[in-house]
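[1] Here is a sequence together with a model predicted from it:
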Amino acid sequence: QVQLVESGGGLVQLGGSLRLSCAASGSILAINSMGWYRQAPGNQRELVATITSGGKTNYGDSVKGRFTVSRDNAKNTVYLQMNSLKPEDTAVYYCNARLILGGKNYWENYWGQGTQVTVSS
């Protein structure tokens, strides 16, 4: 079994910063990409940022230049540094990992439970 445990969400004012963390644990053989998605009420889940094991990053258009995704492969942990936050960044942020479990030979997607980020104006 796999657990993705997120931390770091909360309430912040317009222009402020937050840092999210997500640690993967369990019988994991390998992790390909890790990253973050978000979902605001009434909206579909959307890409925030992903990073591969080799360090290649991909960002959603609305966060480019403000958010930075990073990763510690030794700790199976992904981070999201969010700067210059706006009210429209308010959402539940979900951690995602594409990984192979012990005893299996195919990639699977796993999700964290989500952490709320609220930006007040």
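    Yes, it's here.
[2] switch to C-alpha atoms for all contacts and neighbour counts from now on
    Noted.
[3] roughly how far apart are the residue nearest to the spatial centre of the chain and Gly103?
    By Cα atoms, centre = their mean, the chain has its centre lying nearest to Trp36, at 2.5 Å. For Trp36, the distance to Gly103 equals 26 Å [Cα to Cα, to the nearest Å].
[4] So Gly15 is in contact with Glu88, correct?
    No: judged on Cα atoms under 8 Å, Gly15 makes no contact with Glu88 at a distance of 11.6 Å.
[5] The nearest residue to Thr77 once chain neighbours are set aside: how many residues sit nearby?
    Spatially, and ignoring its direct neighbours in sequence, Thr77 is nearest to Ala23 (4.3 Å; Cα to Cα, 6 or more residues apart in numbering). Ala23 has 20 neighbours, counted by other Cα atoms under 10 Å.
[6] can you check the one 4 residues further on too?
    Other residues near Ser27 number 13, with proximity taken as other Cα under 10 Å.
[7] Just the pLDDT for it.
    With respect to pLDDT, Ser27 has a value of 93.
[8] can you pull the contacts of it?
    Listed by Cα atoms under 8 Å, 6 or more residues apart in numbering, the contact set of Ser27 reads 1-2, 101-102.
[9] Go again with 6 Å.
    Taking Cα atoms under 6 Å, 6 or more residues apart in numbering, we find Ser27 in contact with 101-102.
[10] Would you mind measuring from it to Tyr94?
    From Ser27 to Tyr94 the distance is 21 Å (Cα to Cα).
[11] which stretches of this protein form strands?
    Assigned by DSSP state E, the chain shows strands spanning 2-7, 10-13, 18-26, 28-39, 46-51, 57-59, 67-72, 77-82, 91-101, 108-111, 115-120.
[12] Phi and psi next, for the residue of the chain positioned farthest from its centre.
    The C-alpha centroid of the chain is most remote from Gly103, which lies 25.9 Å away (Cα atoms, centre = their mean). With angles defined as degrees, to the nearest 10, Gly103 sits at phi 90, psi 0.
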